[in-house]
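Chemist: I'd like to go over a predicted model; first the sequence, then the structure.
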Protein chains: 2
Amino acid sequence: MTNQLDQLAINTIRTLSADVVRKANSGHPGAPMGCAPMAHVLFSSFIVANPSNPKWPNRDRFVLSNGHGCALQYVLLHLLGYNMTMSDLKAFRQSDSKTPGHPESHLTEGIEVTTGPLGQGLAMAEAHLESRFNKPGYELFSNCTYVIAGDGCLQEGIASEAASLAGHLRLGKLIVFYDDNHISIDGDTELSFTEDVLKRFESYGWHTQFVKDGDNDLAGITQAVVNARNVKDKPSIIKIRTTIGIGSKDQGTEKVHGSPLKPDDIAQIKKTFGFDPEKHFYVPDSVSARAESRWNKLLEDYGIEYPEESAEIKRRFANKLPEDWTDHLPRYTPSDPSVATRKLSENVLNKICDVLPELIGGSADLTGSNLTRWKSAGEFQADSTGIGTYSGRYIRYGVREHGMAGMMNGMTAYGGLIPFGGTFLNFISYALGSVRLAALSSFRVIYVLTHDSIGLGEDGPTHQPIETLASLRALPNILVLRPADGNEVSGAYLAAIQNLQRPSAISLTRQNVPHLEGSSIEKTLLGAYVLKEVKDANITLVATGSEVSIIVDTAKLLEKEGIKARIVSFPSFELFDEQSLEYRLSVFPDGIPVLSVEALSTFGWLKYAHANFGMTTFGTSGPYKEVYQKYGFTPENIADKAKKTIEFYKGHTLVSVVQKPF
Amino acid sequence: MTNQLDQLAINTIRTLSADVVRKANSGHPGAPMGCAPMAHVLFSSFIVANPSNPKWPNRDRFVLSNGHGCALQYVLLHLLGYNMTMSDLKAFRQSDSKTPGHPESHLTEGIEVTTGPLGQGLAMAEAHLESRFNKPGYELFSNCTYVIAGDGCLQEGIASEAASLAGHLRLGKLIVFYDDNHISIDGDTELSFTEDVLKRFESYGWHTQFVKDGDNDLAGITQAVVNARNVKDKPSIIKIRTTIGIGSKDQGTEKVHGSPLKPDDIAQIKKTFGFDPEKHFYVPDSVSARAESRWNKLLEDYGIEYPEESAEIKRRFANKLPEDWTDHLPRYTPSDPSVATRKLSENVLNKICDVLPELIGGSADLTGSNLTRWKSAGEFQADSTGIGTYSGRYIRYGVREHGMAGMMNGMTAYGGLIPFGGTFLNFISYALGSVRLAALSSFRVIYVLTHDSIGLGEDGPTHQPIETLASLRALPNILVLRPADGNEVSGAYLAAIQNLQRPSAISLTRQNVPHLEGSSIEKTLLGAYVLKEVKDANITLVATGSEVSIIVDTAKLLEKEGIKARIVSFPSFELFDEQSLEYRLSVFPDGIPVLSVEALSTFGWLKYAHANFGMTTFGTSGPYKEVYQKYGFTPENIADKAKKTIEFYKGHTLVSVVQKPF
Ligand SMILES: [Ca+2]
Ligand SMILES: [Ca+2]
């Protein structure tokens, strides 16, 4: 059922992909060859985008969930006229190329997301913005999100989490192609994956279809996409049976998955396809450019009728924040009553969510504990459910931490939104795969992580984080913030929202803490600052979050014994590392030993302190004050550790921790 | 349909659970009250176990997946006559009690696993041991695994991964009760969880049933369990509609989920149930004890006919290793050819898997990359598939890292097995939730983690671990091993298998490394050791894994300039920390600056070295030698860093990194 032009295009994708992988002598030829027909149908008949402006807001989104098949995507970008030359293709998987081994959205124009099942988040963003901004006659947001996914993608738990919620949310503009090639890396899928995929997606509330001959039946694929687009109240999955590495002598086996095809095999493929590999692809790029200019005109007209909304769209898609939004951040004085930092976080959300309509978020079924719901929040739900609307901004992620983090990435990739998501600090570990992709992709997302130490008490060691902050701090390009009081919580949100190019994790207590003398929003942005300076100090005490008020009391105890302790509050390692050496030396001067205190793993703290007091084992279940006592987080015990530290370093020429040999 | 005795028992569980949570003033009363009928049916009519020997190998296993409902489990253990007194119940969630806020298997007799969907692994273990050891007339292994799970459990991705594989593996002795109470923490499940759960499990190949009135229909629950037990070739899920917190004024709402009921509410519950809370439970404990003694007699007879198998069962369930198994670990000399440590790991598996029949494992669909399949391995598959048998020991986990780690925990909890699982080091992040539970539960499992740095090359930064080892090292009670050559790989396996009470993560290269002069299996067990000693050294260079041979070359470069460098190979932080201070000082003596080199995050390395060279950003896609060059992992660049380190510390009285103030 394939006309000659279509067949030529498909074979171009296949042979070029094989060449690209061969040239790199590394990579995955099989999936690009098998998926060429569906990709061709999608890009030649459906996807509306503008290669000369890859960031046009209402473009259709395309996600290659099986990112190892990215040769396909690079070839398509090249053929469609994106900024992707033949020499870029030839540099596939080479250092400093824009064609890395797996797609990276921050590196390559036209790549929406860095691998992963983020289609869900993209479709949520569309649903929200459509509901928020579209007006009668003005279909400003109407794009579809198309995903190609393989067996491997569908085996991962995160895909189940996202698919279940996408079904619940009735995201009609999400269309997934399931490349059913019966092959995984270990061999035939009968080894470990024999579930009925379409039935599973039906159970999630999806619309499902099956195309039997995905190698040849272009009409069938086309009709399936048309059907999928016509189903408005359900996401769609189209299972397409394909032959991995089609054309190769090893087609249909795992051999074509992850290694280049042999040169003689490629030669016979080209012969089979009867084929001049230099022939170019049919690209309706003029159509695409017209689509954007039509949209621009629409936005212009919309702006006349709806000037505020139009300005808001432009502001948000330009990644600009409203003027003076920071005036709404609450400030506190030491006379304000003690309160948990998770509650202070709720205060911030109550103040800023109305000023920043791009904030959208919720919790992984811990709303009452994470305190992520602001007073004026509306529920983000399908309008047809009667329990919310897509214009709502409060998301019920369900008990799906990994899915939540993936969706947040997708919403950020869409544009115009700042997503946040709450869970217990300990359970961000369930989501690290997607947290890592946020950091790698330079996505501004905000994790609201409460119950941030053994201080959560009775829920016990299964819930008490120990290693969690060290994990996050060791990850590049993420801000980790553990604020100590009200001003620092406001400062943490300011840092998170101002940092356009990285995610932030805000670590918050379950238990109450006092407001500190000397804290401020501005100082929080420095990462660390001197809360109390003392002349001729014997020691510097440094702590984060709930432990700062404990070292304040420790210093008072020491003072009674004539020992002078400076106090440093340290909300963020990363922000501090970015300050001048001069400033950092003013916080940690030469000659004074530093003792750190944090009720989490000490791992990594030697970077800032000569001696570290913290956790080295798992915690225990019990009322929080008893648990703190048990592990020694008391002014008395820390005063003892301080004296030992002073004693140990007596007579040493102590260099500041911020001085390094290179 | 409930007789009086049953009703009394159920109401005992309900009121006692409410009392327990009230006394603690913290905890979750709703699930124990709602699940009381199903738990009563299970424990009074089906579960065969011996309270006076909670570790009897063929006992039925019970997993409370919704671990927050553990008041239920503690009450049951008390009523069934386990080592759980009324005062233990009264100490619910208090410090140092055996009734922590979530169940912990290492703390409390009768608890099989520390929260989580581990039923899958338990059932796999039974299937394997049954197939391996049962003989005609000797049903030594025949137990069932029963699980109670809530909506939250089923929303998590790991549950989907495990359920899909359990269906594929046709695990007929796994029976899951789904407590369908329509309530999650945020409120009604209509907020975020509206999928058709039974249809989803059908799609995985499960047998499904529905009991409409789980509050009262004991006969229905009983019949469903009978049916489930009769289906031998499919796991079973029984959806049971219940009322959370039944009896409370707030029954059926999220209010009874996570906070104690009010005293007056508890009083009216007891009145409603017409009820003396001191009445005791009907416990068929004599039956249970008889079951074990019958089994012991069976094992004795079996031993006469099958002495080898019987001895093996006893050895394995006593956690003893065969004599002299370590003789099979391969040893190497520097003249042996360079080879990747993942390949050296395969060599070890080839040598020891036949000697240690308790080893069982595989890979998350990366067999050809992780090299986890030993030559004589048989496939672990349902016999009816024709592609393997349950007596096989090679597991195709599929692309399900989190599920894999959970299953490994379950198999360890069952006993008689040492499970291992392979993936890329970077993707252990997907499994951290279960890795953490392995560490907390003191489970001996082995993670085989290949492609352990930017040295994996072309797959690029989505696959190149940076923060991953720091994450694992910051986690308590896990051995992290990064061996440098053949002898160290053998040593790493020795350490992993000898350490009965903790998991091990073995980090392995994709690229080739030479065998080192001076390495040995025995020295590996010390965690760190001097590979090359030099008198009057100017610096100590320390590295792990693939970077050790680089610092060997660095030392040669420095020597040409008259700079004397000692060399330390450092396969494991944790093993080194356990050595005597004297030994540790011999590795890192006072007065000599230490420079560490590892092609991963430097985070945490100051614990052992004054200056650290490593990664502080994400990596890049490219051939591995170019990538190493780009980030400076060359003898030339490291020699430069060494000179800077020596210069910086000139004139300082340098204390050894192992000396600490407290
Ligand atoms: Ca596949
Ligand atoms: Ca529930």
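Modeler: That came in fine, so what should we check first? Ligands and ions are numbered 1, 2, ... in the order given.
Chemist: got the contact list for the residue in the stretch 251-400 of chain A that ligand 1 sits nearest to?
Modeler: Closest contact between the stretch 251-400 of chain A and ligand 1, by C-beta to the ion, is at A:His257 (7.6 Å). Heads up, the C-betas are built off the backbone N, CA and C, glycines and all. For A:His257, the contact set (C-beta atoms under 8 Å, 6 or more residues apart in numbering or on different chains) comprises A:His28, A:Gly30, A:Ala31, A:Ile183, A:Ser184, A:Ile185, A:Ile244, A:Gly245.
Chemist: what parts of chain A come near ligand 1?
Modeler: Counting by C-beta under 5 Å from the ion, the residues of chain A close to ligand 1 are A:Gly150, A:Asp151, A:Asn181, A:Ile183.
Chemist: list buried residues within the residues you listed.
Modeler: A:Gly150, A:Asp151, A:Asn181, A:Ile183 (16 or more other C-beta atoms under 10 Å in any protein chain shown).
Chemist: which of those residues sits closest to A:Ile175?
Modeler: A:Gly150 (15.9 Å; C-beta to C-beta).
Chemist: which residue sits closest to that closest one, ignoring its sequence neighbours?
Modeler: In space, and not counting its chain neighbours, A:Gly150 is closest to A:Asn66: 3.9 Å by C-beta to C-beta, 6 or more residues apart in numbering or on different chains.
Chemist: and that neighbour, how many neighbours does it have?
Modeler: 23 (other C-beta atoms under 10 Å in any protein chain shown).
Chemist: again with A:Ala289
Modeler: Going by other C-beta under 10 Å, the residues that sit close to A:Ala289 add up to 17.
Chemist: ok, and what's touching the helix or strand where it lies?
Modeler: Assessed by DSSP states H and E, A:Ala289 sits inside helix A:285-305. Here helix A:285-305 makes contact (C-beta under 8 Å, 6+ apart) with A:48-53, A:56-59, A:80-81, A:135, A:138-140, A:309-311, A:313.
Chemist: give the buried residues for the helix or strand just after it.
Modeler: The helix or strand immediately downstream of helix A:285-305 is helix A:307-317, counting by DSSP H and E. Across helix A:307-317, burial judged by 16+ other C-beta under 10 Å covers A:Glu309, A:Ser310, A:Glu312, A:Ile313, A:Arg315, A:Arg316, A:Phe317.
Chemist: and helix A:307-317, what other elements does it pack with?
Modeler: Contacts defined by 3 or more C-beta pairs under 8 Å, 6 or more residues apart in numbering or on different chains; DSSP states H and E place helix A:307-317 against helix A:119-133, helix A:285-305.
Chemist: which of those helices sits closest to B:Val655?
Modeler: Counting by C-beta to C-beta, and looking across all of those, nearest comes helix A:119-133 at 50.6 Å.
Chemist: next, the angle helix A:285-305 makes with that closest one.
Modeler: 40 degrees (axes from the mean of the first three to the mean of the last three C-alpha atoms, to 10 degrees).
Chemist: return the helix or strand following helix A:119-133 as CSV; C-alpha atoms alone will do.
Modeler: Per DSSP H and E, the first helix or strand lying C-terminal to helix A:119-133 is strand A:145-149. Backbone C-alpha positions of strand A:145-149 (Å, rounded to 0.1, in the frame of the first residue of the first chain) are rendered in CSV as follows:
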residue,chain,number,x,y,z
THR,A,145,2.3,14.9,21.6
TYR,A,146,3.5,11.8,19.7
VAL,A,147,5.7,9.2,21.3
ILE,A,148,7.5,6.2,19.9
ALA,A,149,8.2,3.6,22.6
